[in-house]
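**Student:** Just a sequence and a predicted model for now, questions to come.
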Amino acid sequence: MKEPYRLRINGGVLSPGELKYICEAAEGLGLNAISFGSRQDIIFPEQIDESKCNEFDKIKFVKPKRDGIENIASSYVSAEILPSTSWLTSDKYLYVLEQFKHNPMLRINVIDPKQRLVPLYTGNVNFIASEHEDYWYLYIRLPGWEKTKMYPALIYSWDMDKIELAIENILIEEPETIEMVFELVSDAIDTNNRTVDKPLEVPFYPFPYYEGMNRIGTDRYWLGLYWRNNRYDIPFLKAMCDLCSENKIGKISITPWKSFIVKGIPLKSKLQWEKFLGKFGINVRHSMLEMNWHLPVNDKEALSLKKYLVTNFDQNDISTYGLTFGITSYESDTYNFTSIVIEKNKQPELKGDFKVRDTYNLLYAKNFDPNTREYIMHVQDVDKVELPGLLMELSQLYFEQLGTEREEDVKVIVKECIEEEVYQCAECLTVYNEIYGDITQDIAPHTPFDSLPETYECSLCEAPKSSFDKKVLVK
C-alpha cells in the first residue's frame, strides 16, 4: 500500500480557517473526506494527483518515510478540559509551539503529564512539563535506541526549538548515551537549563471519555467528535468551520485517537450546535468500548478485527473503562502507547498453496499504564477466535489490581524516603539535591553540598553558594 500524503499540523492545533482551506484543497484534489493520524496530523486517505499539489501554496504535503519531516504532537487538546499543570495554559502551548519554525526530522512531543488523552513518550524528543513554570523534563529516544532516557537537566520553554534542532544536528555523531547527547548539545548551544531536583511523577488517571458536548466552567462547552471509519466528510467539516467562525471559536484540536475536539462553544450557542449535528446526522454517543482503540490508518484488516472484538465485548457486557487497546503487526515501527496491545505475527514462508491462519500475541503495560513504557507478554501465538476471551480476562485483571500495585509502590517509597536533605536557594527557590547533582555545572550525582566548590552558583539565578539553606523534605 502506498504511503498517503499527510499535512503537518503543529501540535495538532489549527484554526477553523486553516481547516476549511485544507478541506477545499482536498476537494480540489478529488477527495470527499479527510482522515486524522495518530500524531495529530491530517491524512489524505486516497491517492491524489501529485501534479495538482502546487496549486495550494498554503499547504506543505509530506510523506514522513520519504521526506523525513515529522509532525509535532502536543496535549493542547486537553488544556481546560482535563487535569493539567497549573502554568500550562492554552495560550502557553501556542506560544511554545510557535517557536518551532523549522521542519522537524524527529518526532517531537510537548506534553502535560497530568492529562491522559495524549501519550507522553511516543516521540523521539519528549518535552514533559515540570512543576517549575516554563521548565520541562526532556525524555529522548533517538532512532536506534531501545529505551527512552531522561535528559539530565530541565529545559527552558524558549530553548525548546534550538535544543531539538541541536539534537537533530548531532545525529551524525550517532550518540549512544544520554550523557553524550547532553555534552554535544551543551557544546553546540547556550541554554538556560535548570537542575533536575526530583524525578518526574506521572499520576495515574483512567483514560477519559472524549466525545459529545461537555461543559467547561459555567458558560462554555467543548465538543468531541469521533467517526469510527476515520473518514470525516468534507461538506460537514466546512460547515462546522463556518459555525466555529460565527461563534468566534479560534482553534480546533486533533487528538491521537483519530478524533477532534472543539473548545469554547458559548452556552447560548449550545442548541445551535446540537441542531447542526442533528442536521448532518452526527452520532456523538459512541460506546467507550470502541473509542479507546488505536489502529493503523487505512488498515481494513485491523478495522475488521477491532469490530469483531468490540462486538464480543458488547455481547458479553464487558467494561473497558480506563483501558486502551492497540492493534499492530510484526512489521510496524510504531511505539506502543495503549494499555493492551494485540500484535499480529509474521506468517511462516510456505511453498505451494498451503495456508495457515494468522496468530497473535497479547501484551499489556505494567499496571496497565502505558506511561510506564514496560510491556508484559500475556500470551503468544493464539488464534483470532481466542482473542475475545483473553482480552476479557485481561480486562478483569485490570479491575482486580486497579490501584493495588501503585499503593504497594508508594509504601516502598515512603519507607525508603521518609526524610531527605536538600539545599534551597533563598533567592529563587531552586533546589540542589545531591542525589541528582547539577549536570549544568558538571557536578556529578551523589555530590554532597559541602563538597561543592565555594565558587558554586545557583544554576538559575547565579546566587552564590552561601545563599543556599539546608531544608529537610518529609515525604
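**Tutor:** Right, received. Where do you want to start?
**Student:** Quick check: closest non-adjacent residue to Glu80.
**Tutor:** Spatially, and ignoring its direct neighbours in sequence, Glu80 is nearest to Ile216 (5.8 Å; CB to CB, 6 or more residues apart in numbering). Yep, even glycine has a C-beta here, placed from its N, CA and C like the rest.
**Student:** Give me the residue ranges of this structure where confidence is low.
**Tutor:** 1, 50-51, 53-55, 57, 330-334, 348-356, 403-420, 473-475 (pLDDT under 70).
**Student:** quick one, helices of it?
**Tutor:** Assigned by DSSP state H, the helices in the chain fall at 16-28, 64-67, 90-98, 160-169, 178-188, 234-246, 270-279, 288-291, 300-315, 387-401, 404-416.
**Student:** tell me how far stretch 254-268 is from the chain's mean position?
**Tutor:** Centroid displacement of stretch 254-268 relative to its chain, using CA atoms, centre = their mean, to the nearest Å, is 17 Å.
**Student:** Sorry, wrong one. I was asking about stretch 388-398.
**Tutor:** 25 Å.
**Student:** Just list whatever residues bridge to the residue nearest to Arg215 when sequence neighbours are not counted.
**Tutor:** Closest residue to Arg215 apart from its sequence neighbours, by CB to CB, 6+ apart: Tyr221 at 5.6 Å. Bridge pairing for Tyr221 (DSSP bridges) gives the partners Arg215, Ile265.
**Student:** distance of Tyr221 from Gln115?
**Tutor:** 19 Å (CB to CB, to the nearest Å).
**Student:** thinking again about what came up before, would you tell me which of the helices of the chain gets closest to Arg107?
**Tutor:** If you check each of those against Arg107 by CB to CB, helix 64-67 wins as the nearest, at 8.9 Å.
**Student:** ok, and what's touching the closest one?
**Tutor:** 3, 6, 70 (CB atoms under 8 Å, 6 or more residues apart in numbering).
**Student:** just the buried members of those?
**Tutor:** For the contacts of helix 64-67, a neighbour count by 16 or more other CB atoms under 10 Å gives the buried set as 6, 70.
**Student:** Next, format the contacts of helix 64-67 as TSV and append distance to Ile249.
**Tutor:** TSV is the format used below for the contacts of helix 64-67 (distance: CB to CB, whole Å):
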residue	distance to Ile249
Glu3	33
Arg6	25
Glu70	28
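**Student:** Just send the helices of the chain back as a markdown table, with distance to Phe468 too.
**Tutor:** Putting the helices of the chain into a markdown table (distance: least, CB to CB, whole Å) gives the following:
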| stretch | distance to Phe468 |
| --- | --- |
| helix 16-28 | 49 |
| helix 64-67 | 47 |
| helix 90-98 | 29 |
| helix 160-169 | 27 |
| helix 178-188 | 23 |
| helix 234-246 | 51 |
| helix 270-279 | 54 |
| helix 288-291 | 50 |
| helix 300-315 | 56 |
| helix 387-401 | 43 |
| helix 404-416 | 25 |
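**Student:** Looking at the ones you listed, which is nearest to Gly437?
**Tutor:** Nearest to Gly437, of these and by CB to CB, is helix 178-188 at 12.4 Å.
**Student:** give me every residue that touches Val422.
**Tutor:** Shown in contact with Val422 (CB under 8 Å, 6+ apart): 197, 431-434, 470-473.
**Student:** Ser78 too?
**Tutor:** With contact taken as CB under 8 Å, 6+ apart, Ser78 is in contact with 84, 112, 115-118.
**Student:** So it versus Gly11, what's the distance?
**Tutor:** The value you get for Ser78 to Gly11, if CB to CB is used, is 12 Å.
**Student:** thinking again about what came up before, wait, which of the contacts of Val422 is closest to Tyr423?
**Tutor:** Tyr432 (4.5 Å).
**Student:** burial count for the closest one?
**Tutor:** Neighbours of Tyr432 under the rule other CB atoms under 10 Å: 22.
**Student:** Please report how far the residue nearest the centre of the chain lies from Phe56.
**Tutor:** By CA atoms, centre = their mean, the chain has its centre lying nearest to Pro119, at 3.2 Å. Applying CB to CB, the value for Pro119 to Phe56 is 31 Å.
**Student:** go on, Lys384?
**Tutor:** Distance, Lys384 to Phe56, by CB to CB: 42 Å.
**Student:** Also Gln272?
**Tutor:** 31 Å.
**Student:** list the contacts for the residue nearest to the centre of the chain?
**Tutor:** Each residue near Pro119 by CB under 8 Å, 6+ apart is listed here: 109, 111, 256, 337, 370-371.
**Student:** Try it again at 10 Å.
**Tutor:** Pro119 makes contact with 38, 73, 75, 109, 111, 126, 256, 294, 324, 335-338, 370-371, 373, according to CB atoms under 10 Å, 6 or more residues apart in numbering.
**Student:** wait, which of the residues you listed is closest to Val181?
**Tutor:** Asn126 (13.2 Å).
**Student:** burial of the closest one, as a residue count?
**Tutor:** 24.
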